[in-house]
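Visitor: got a predicted structure plus its sequence, pasted below:
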Protein chains: 2
Amino acid sequence: MSVVARLRGVGLRPTRQRVALARLLLEKGGRHITAEQLHGEARAAAVRVSLATVYNTLHQFTEAGLLREVIVDPGRSYFDTNTSEHHHFFDEGTGELLDIGADVVVSGLPLPPSGTQVHRLDIVVRVGPERR
Amino acid sequence: MSVVARLRGVGLRPTRQRVALARLLLEKGGRHITAEQLHGEARAAAVRVSLATVYNTLHQFTEAGLLREVIVDPGRSYFDTNTSEHHHFFDEGTGELLDIGADVVVSGLPLPPSGTQVHRLDIVVRVGPERR
DNA sequence: CAAGAGATAAGAATAATTCTAATCTGCGCT
DNA sequence: AGCGCAGATTAGAATTATTCTTATCTCTTG
C-alpha cells in the first residue's frame, strides 16, 4: 500500500512533510530512530521539515499505530517501525536497539494492581561490550 | 547495619547530606523516587541539600549498588531502593512504580548480539486505569 | 588542629522536548 | 480551476530534567 494511502487510512492528511517522513520511516522496515536522527535524515534527503514537525509527526504516527515508542534511555525517545509485539536488545554503549524476533514467553507474572489493566509488556535486555 | 557503615562499606564518605539522603532512601524499603521528589523530601525534613547533590548522590549510590535505576519514562529517572533482581508495574496514569515481587521466568530469548553480553534484563508491565 | 582530597552549592549550561503564534497548504466546494 | 478554511507547519521561545562549573566548605588523616 502506498504511503499516501496508509496516511489517509489512519486519518492523517498526506502533507508533503508527513509523506516524506513516512517514506523514510516505513519504506524500509526494522528501523529504530530518534527525532533528531530522523530530522537529520530528512535534511540529508533534502526534505524541508522542522524539528517540531518531526516530533509532531512521530507522535501522530505512534498514536495512529504506524510506530511504537520504545523507552530505554532516560532523556531520549526511540521510535520503532515494527509495531508488532516484540522486545529489544539495547546496547548501552552504542545506543543501538535491536528487535528480538523470537517468541518470548513470560511466566509467573502476578495480576496487575487492582483498578488497572495491562496496556503493554516491555522487555529490554540491556547489553554491553563483552569483557572477560 | 548503620547508614554510616553502609556508606563507608562502599567507599563513600559519610557526609551530612549523604547520610541524610541515605536515611530517607534506605531506612524504609521499597521506595521508588525521582531526584526532584527526594529533593523535596529532604527539604521537608529540614535537610539542607542542593538538587545537584541529590543527583550526584543518586548516581553514586546507584554505582555503589545501593540503588537501582529504573527506566520507564522518557525524561525522568526513577531510583529503586530494592536492588535485588525484580521487575515492575508502571502506572502510566499516575507515574507510580510497583515492584513485582514474584519470580518471573522468561523463556525463548535469543542469545545477545555477538560481541556483547547481557548486563541486565528489565521487564516493565505498563498499566493504565481499567476501562470497560 | 592543620592540610588537602573530596564534597557541596548556586547558578549557568545543555539536551530533549513542547509550546506559541503566525504563516502556509491540502482539499472539498463551487 | 480558483476560494476558503481547518488543519498543518514553522521558527523561535519556553519548559523540564539533568549536568557542568567553579568557588567554598568539610571530612579524614597525620
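Guide: Yes, it's here. Numbers count the residues shown, from 1 in each chain, chains lettered A, B, ... in the order given.
Visitor: how about the helices of chain A, start to end?
Guide: Using DSSP state H, the helices found in chain A span residues A:3-9, A:16-26, A:35-44, A:51-63.
Visitor: out of these, the one nearest A:P74 is which?
Guide: Closest to A:P74 of the helices of chain A is helix A:35-44 (C-beta to C-beta; 15.5 Å). Using the backbone N, CA and C atoms, a C-beta is placed for each residue, glycine as well.
Visitor: C-alpha coordinates for the closest one, PDB please?
Guide: What follows is helix A:35-44, C-alpha atoms only, in PDB (Å, rounded to 0.1, in the frame of the first residue of the first chain):
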ATOM      1  CA  ALA A  35      13.600  12.500  16.500                       C
ATOM      2  CA  GLU A  36      17.000  14.100  16.000                       C
ATOM      3  CA  GLN A  37      18.100  11.300  13.800                       C
ATOM      4  CA  LEU A  38      15.000  11.400  11.600                       C
ATOM      5  CA  HIS A  39      15.400  15.200  11.300                       C
ATOM      6  CA  GLY A  40      18.900  14.700  10.200                       C
ATOM      7  CA  GLU A  41      17.900  12.100   7.600                       C
ATOM      8  CA  ALA A  42      15.200  14.300   6.300                       C
ATOM      9  CA  ARG A  43      17.600  17.200   5.800                       C
ATOM     10  CA  ALA A  44      20.100  14.900   4.200                       C
END
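Visitor: that helix vs DNA strand C: in contact?
Guide: Yes: interface with DNA strand C: helix A:35-44 contributes A:35-36 (C-beta under 7 Å from any atom of the strand).
Visitor: run through who's touching that helix.
Guide: Helix A:35-44 is contacted from outside by A:17, A:20-21, A:24-25, A:33, A:49, A:51, A:54-55, A:58, A:77, A:79, using C-beta atoms under 8 Å, 6 or more residues apart in numbering or on different chains.
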